[in-house]
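> Okay, here's the prediction I keep looking at, along with the sequence it came from:
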Amino acid sequence: MPKIDTLLMQDAVVIIPTYNEIENIEAILDAVLKLPKPFDVLVVDDNSPDQTANKVKDLQKQYANRLFLEVRQQKSGLGTAYIHGFKWCLKRDYHYIFEMDADFSHNPNDLERLYDTCHNKGADVAIGSRYVKGVNVVNWPLTRVILSYGASIYVRLITGMKINDATAGFVCYKRKVLEQLNLDEIKFIGYAFQIEMKFKAFLKRFKIVEVPVIFTDRTKGVSKLSSSIISEAIFGVITMKFKSLFKN
């Protein structure tokens with residue numbers, strides 16, 4: 001068990017973006033908010049037709065001053081949801097800001113390990129990595145494993161980052177990282193957003209550490225992955241690297 005400083009109470013917040021996650025939201029919030037290490041949670045909901053936001057509002061009565069909700073008017077993409085969440089968190093006194101999915105593909109128990117990596121072990125960015133020790137993915141078809149793992153190799157080759165899982169969406173950022181990145185310049189909205197955030201931190205020479213986790217594909221709800229998101233990631237990486245050369 002990682003060493004957790006119990007004197008530091010709500011110094012950490014987990015951003016969970018949602019769109020039609022009514023089947024998962026109560027269980028994931030209970031799992032996070034009942035961890036031994038206290039985490040606040042911010043749900044950024046894109047006006048889910050299935051009433052995900054209303055379920056969160058009900059749970060706020062149980063988790064007063066720990067569970068927060070921001071509802072946007074329409075489905076606008078993962079990246080913009082996280083940027084919205086980052087800006088909300090930076091207006092408050094959080095030192096560690098997390099990204100996490102709502103569907104249990106990220107194990108809530110691993111939040112403490114990511115926290116420990118930043119709080120006690122000197123990392124500026126801690127990544128819950130599927131590929132730092134082989135391939136740790138459960139319930140994915142082989143084609144998707146190959147696509148995801150191949151994408152990470154592709155990103156390493158193009159960007160020069162020594163990161164095994166650049167598309168990972170389970171991440172802890174120290175506050176100073178987000179403060180020093182220009183969040184308004186983050187352009188991508190799908191999985192390429194995850195790559196872009198890590199690349200921007202890499203260019204700023206922040207210490208990025210991968211923490212091995214087991215990724216389990218959702219058992220409830222519908223995946224948001226689409227061909228347009230994949231295209232954005234493939235072609236966006238080249239554009240991102242090209243622009244960084246001119247800035248340097």
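Received it, and whenever you're ready, just let me know what you need. Numbers count the residues shown, from 1 in each chain.
> Now do the helices in this structure.
25-33, 52-60, 78-90, 111-119, 142-159, 175-180, 192-203, 227-247 (DSSP state H).
> Please render the ones you listed as JSON lines that adds distance to residue 216, mean neighbour count and mean pLDDT to the earlier fields.
For the C-beta atoms, the positions are set from N, CA and C on the backbone; glycine is no exception. Formatted as JSON lines, the helices of the chain follow (distance: least, C-beta to C-beta, whole Å; neighbours: other C-beta atoms under 10 Å; pLDDT from 0 to 100):
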{"stretch": "helix 25-33", "distance to residue 216": "13", "mean neighbour count": "19", "mean pLDDT": "98"}
{"stretch": "helix 52-60", "distance to residue 216": "21", "mean neighbour count": "18", "mean pLDDT": "98"}
{"stretch": "helix 78-90", "distance to residue 216": "19", "mean neighbour count": "20", "mean pLDDT": "96"}
{"stretch": "helix 111-119", "distance to residue 216": "15", "mean neighbour count": "23", "mean pLDDT": "98"}
{"stretch": "helix 142-159", "distance to residue 216": "13", "mean neighbour count": "15", "mean pLDDT": "83"}
{"stretch": "helix 175-180", "distance to residue 216": "27", "mean neighbour count": "16", "mean pLDDT": "98"}
{"stretch": "helix 192-203", "distance to residue 216": "18", "mean neighbour count": "23", "mean pLDDT": "94"}
{"stretch": "helix 227-247", "distance to residue 216": "20", "mean neighbour count": "14", "mean pLDDT": "67"}
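> Take those and write them to CSV, including distance to residue 96.
Listed next are the helices of the chain as CSV, based on distance: least, C-beta to C-beta, whole Å:
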stretch, distance to residue 96
helix 25-33, 14
helix 52-60, 22
helix 78-90, 10
helix 111-119, 6
helix 142-159, 24
helix 175-180, 7
helix 192-203, 14
helix 227-247, 26
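> ok, and the closest non-adjacent residue to residue 94?
Excluding the flanking residues, the one nearest residue 94 by C-beta to C-beta, 6 or more residues apart in numbering is residue 13, at 4.6 Å.
> tell me the contacts of that neighbour?
39, 40, 41, 42, 89, 92, 94, 96, 97, 98 (C-beta atoms under 8 Å, 6 or more residues apart in numbering).
> Test for you: state the pLDDT assigned to it.
Per-residue pLDDT puts residue 13 at 98.
> what about it, distance to residue 136?
Per C-beta to C-beta, to the nearest Å, residue 13 is found 26 Å from residue 136.
> Residue 240 too?
According to C-beta to C-beta, residue 240 stands 27 Å off from residue 136.
> likewise residue 183?
Computed as C-beta to C-beta, the residue 183 to residue 136 distance reads 30 Å.
> Residue 20 now?
Per C-beta to C-beta, residue 20 is found 27 Å from residue 136.
> So for those two, which residue has more residues nearby?
Shown here are residue 20 and residue 136; by other C-beta atoms under 10 Å, residue 20 has more neighbours (19 against 15).
> And that one, its phi and psi?
According to degrees, to the nearest 10, the main-chain angles of residue 20 amount to phi 60, psi 60.
> Could you tell me the per-residue confidence at it?
Confidence at residue 20, expressed as pLDDT, is 95.
> Okay, and the beta partners of the residue nearest to residue 94?
residue 40, residue 97 (DSSP bridges).
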